[in-house]
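Peer 1: my questions concern the predicted model and sequence given below.
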Amino acid sequence: MDILTQLRAAIGPDNVLTGEATAKWQSDWMGAYHLDPIAVLRPANTTQVAAVMQIAHASGTPVTPVSGNTGLVGGTQAKGALMLSLDRMNAIRDIRPDARIAVVESGVILSTLHEAAATHDLIFPLSFGARGSAMIGGVLSTNAGGSNVLRYGNTRDLCLGVEVVLADGRIMDLMSELHKDNSGYDLRNLLIGAEGTLGVITAAVMKLRPKPRAYATAMVAVPSIADALTLLNAMQDITGGAVEAFEYMPRSYIQGHVDRIAGAREPFDVPHDVNILIEIAATSPRDATAADDGRVPVVALLEDTLAAMLENGTLLDAVIAQNETQRAEMWARREAAAEISHGVKPFVDTDIALPLDKVATFFDLIAPRLKALDPDAAELSVAHLGDGNIHFSMYPTSSDPALHDAMMEAVEDLVQDLRGSFSAEHGIGTSKLSSMARRKDPVALDVMRAIKSALDPKGILNPGKVLPKR
């Protein structure tokens, strides 16, 4: 029987899309990759996903899972493969406020989970610019980060359990609701971040957190990145670790925002080189209830600390949000990163992680190395400075692939020297396969290939992603 006929019988003819019906899935959200699947499959539940994988496994047909398709590294390219869309599997099965967990299917949109948690005065604290289209299956498969990693961790830190369909169609129930479970290998964390190469995540148990009662948010300017880290450490000490976000925007980023985003404004009356968005969240009434003088304690704490630093010269400027509109404007500046950094071509994009005390060293050393390769090249960066994750984009004066490779290797060389990583939160997909081949420990690659072979001996799950060819 023809495989598409089998699939139509398994999940319904209306859910096996071919030809023009697949237009929505033909490219990634930025238009950088042409995905070109044989067909797009839209199962309604885990049992149907298992049936799809059984059929694909029997015929040796590749399968590429896709959720919101908001990735940046070509992880959903599907030429010669069936694309398995989880978009119909979008139920929030349960929210348990007392246990502070949500049981969700992979097709749940991130912002939908945010809204559902809010009705219980809770939050799901993973957030980034694509939250209105990114889905839980995708953020798990890439171990997404975002702006609140500093306080809450990556996606892996926010997940207690997963349900997974393996390459041969078997369903593995790892839907633990436990905070402690030491019963053998940690298969959950193996599957999170695997980009659909080891199994298809169909559901998960996600952690919820108390909804902050008040925020203190500010844009500040400091003389140097070292001074920014001094500010971060001081605020962490003073607040008991309540800093939720600490985002670095250099002058070039601010200028890009003003130039390319309609209605954008400068954060300060005069320009500064090192600009930081800092946000502190208070969950206790003690820190969030206005005093007799009208000051909210968490905001007063930030105001008083910044005022002292302005007086002693460790801070150059500061603007504290006085209401939600001002706070939203500050965040809009940071969340416009994709439009700002990807709006110029040609460009070479990186997503690196460094020890916090090496971030300034990176910026000091990378500039002359790039100038030696392309004297007129430009650069632009934005960073989750609190966790050492830098999005560093380069704009060469030529489209020559050899020059682009040389620029990428210059970044990788320096990152490796500083004991950092060439991939922080976007995953590997196809765009970082050469980096994996050059930079990943060869023994680690051998172990990864052995795991892949054990779980997917036919190599049908998202082939050509994550693991470079030998």
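Peer 2: Received it, and whenever you're ready, just let me know what you need.

Peer 1: does Leu131 touch Glu115 like I think?
Peer 2: Actually, residue 131 is Arg. It isn't Leu. No - taking contacts as CB atoms under 8 Å, Arg131 lies outside contact range of Glu115: 10.5 Å. No exception for glycine: its C-beta is placed from N, CA and C like everyone else's.

Peer 1: and Ser85, how close does it get to Val200?
Peer 2: Counting by CB to CB, to the nearest Å, the separation of Ser85 from Val200 is 11 Å.

Peer 1: same question, Thr289
Peer 2: Going from Thr289 to Val200 by CB to CB gives 46 Å.

Peer 1: please identify which of Arg131 and Glu115 sits among more neighbours.
Peer 2: Taking other CB atoms under 10 Å, Arg131 and Glu115 do not tie; Arg131 has more neighbours (20 against 12).

Peer 1: quick check on the more buried one: phi, psi?
Peer 2: The phi/psi pair for Arg131 (degrees, to the nearest 10) reads phi -60, psi -20.

Peer 1: ok, now which ones touch it?
Peer 2: Contacts for Arg131 (CB atoms under 8 Å, 6 or more residues apart in numbering) come out as Ile109, Leu110, Ser111, His114.

Peer 1: just the buried ones among those residues, please.
Peer 2: Ile109, Leu110, His114 (16 or more other CB atoms under 10 Å).

Peer 1: my read is that the second one contacts Gly129, right?
Peer 2: This means Leu110. No - if you go by CB under 8 Å, Leu110 and Gly129 don't touch, sitting 10.7 Å apart.

Peer 1: shaky segments in the stretch 251-400 of the chain?
Peer 2: Counting by pLDDT under 70, the stretch 251-400 of the chain shows no low-confidence range.

Peer 1: so which residues of it form helices?
Peer 2: Here the stretch 251-400 of the chain has its helices, by DSSP state H, counting those that start in this stretch, at 251-260, 285-288, 297-312, 324-335, 337-341, 359-373.

Peer 1: looking at those helices, which is buried most?
Peer 2: When these are scored by mean count of other CB atoms under 10 Å, the highest mean neighbour count falls to helix 337-341 (a mean of 19).

Peer 1: what's around the residue lying closest to Met436 once chain neighbours are set aside, how many residues?
Peer 2: The shortest distance from Met436 to any residue other than its chain neighbours is 4.9 Å, reached at Pro468 (CB to CB, 6 or more residues apart in numbering). Neighbours of Pro468 under the rule other CB under 10 Å: 17.

Peer 1: for Asp28, same thing?
Peer 2: By the criterion of other CB under 10 Å, Asp28 has 21 neighbours.

Peer 1: neighbour-wise, which of Thr289 and Val200 wins?
Peer 2: Val200 (28 against 13).
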